[in-house]
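Trainee: fold the following and give me the result.
(one chain, ligands or ions: 2)
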Amino acid sequence: MVDRLLANPLFRMATRPHVVRPPLFSRYEPGMAYGSHVDDAIMGGMRTDVSVTIFLSEPDTYEGGELVIESAAGEQDVKLAAGDAVVYPTTALHRVAPVVSGERLAAVTWVRSLIRDADARELLFDLETARHALFDRLGKTPELDLLAKTQSNLLRRWAED
Ligand SMILES: O=C(O)CCC(=O)C(=O)O
Ligand SMILES: [Fe+2]
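Mentor: Ligands and ions are numbered 1, 2, ... in the order given. Predicted coordinates for the structure are as follows:
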C-alpha cells in the first residue's frame, strides 16, 4: 500500500514524502465514530506532517462515516470511492462521523514530509501544478525555466531531510 502511494505522482506532489508509516486498518460498524481529535505529533519517533485516509469501502455500502476535516474555512466532509485517498495536514482537527448502517473499512497512515509547513507544501503544490499545465500548453519556454528554477530553489530552501 505504501509502495502504491509513493508511486502516485499526485500523492508525491501533495505530501513531499520523507517517510511513510505502515498503515493501520480500521472497521467501523453502525454506531461507531471517532470524535474530534488531532493526531499525535510524533509516532514511533517520527514527526507527523500529513495524515492519509485510504477509503476501502464503496460509499454506497454504508451510511454516515464521513471523514470531517476542520479548518479555518469551515468543515469538509470526505467520503471517497474504495481505493481513493485523501491527504490532510496532521495539524488539523478531524473526526469520523457516526456510521449509521453498513461497514466502513479504511486504512490510515502518516507521512513525515520534507516540507514541514502545510502552507509551504501548498505553495509548492500550486506552483508545480500551474507549471505542468503551462508546459502542456506552451512546451519549454524561458519563463517556464524560471518557474522551474524558482520551484527547485524554494524546495531546496525549505526541505528538511
Ligand atoms: O478513518 C479515518 O478516516 C481517520 C481515522 C483517524 O482520524 C485516525 O486514525 O486518527
Ligand atoms: Fe486522526
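Trainee: where's the most centrally placed residue in the chain, which helix or strand?
Mentor: Residue closest to the average C-alpha location in the chain (C-alpha atoms, centre = their mean): V87, at 1.4 Å. Per DSSP states H and E: V87 is located in strand 85-89.
Trainee: which residues does that strand contact?
Mentor: Contact with strand 85-89 is made by 5, 11, 14-15, 49-55, 67, 69, 78, 80, 94, 111, 118, as judged by C-beta atoms under 8 Å, 6 or more residues apart in numbering. Quick note: C-beta positions are derived from backbone N, CA and C, even for glycine.
Trainee: please look at S36 and A92 and confirm they touch.
Mentor: No: if you go by C-beta atoms under 8 Å, S36 and A92 don't touch, sitting 10.4 Å apart.
Trainee: quick revisit: partner strands of the strand holding V87 and their direction?
Mentor: Within its sheet, and counting by DSSP bridges, strand 85-89 is paired with strand 50-55 (antiparallel).
Trainee: after the strand it pairs with, which helix or strand is next?
Mentor: Strand 50-55 is succeeded, C-terminally, by strand 62-64 (DSSP H and E).
Trainee: that following strand and ligand 1, are they touching?
Mentor: No: Strand 62-64 lies out of reach of ligand 1 by C-beta under 6 Å from any ligand atom, never closer than 12.2 Å.
Trainee: hmm, the next helix or strand after that strand in reach of ligand 1?
Mentor: For strand 62-64, the succeeding helix or strand toward the C-terminus, using DSSP H and E, is strand 67-71. Yes: judged by C-beta under 6 Å from any ligand atom, strand 67-71 comes into contact with ligand 1 at L67.
Trainee: show me the contact partners of strand 67-71.
Mentor: 36, 53, 75-79, 86, 88, 92-97.
Trainee: residues of it that come out buried?
Mentor: For strand 67-71, burial by neighbour count (16 or more other C-beta atoms under 10 Å) applies to L67, V68, I69.
Trainee: now, among the residues you listed, which is nearest to ligand 1?
Mentor: Distance to ligand 1, by C-beta to the nearest ligand atom, is smallest for L67 among the buried residues of strand 67-71, at 4.0 Å.
Trainee: name the nearest residue to that closest one, ignoring sequence neighbours.
Mentor: V78 (4.4 Å; C-beta to C-beta, 6 or more residues apart in numbering).
Trainee: tell me the pLDDT at that neighbour?
Mentor: Note on V78: pLDDT of 98.
Trainee: so it sits against E66, correct?
Mentor: Yes: V78 is within contact range of E66, at 6.3 Å (criterion: C-beta under 8 Å).
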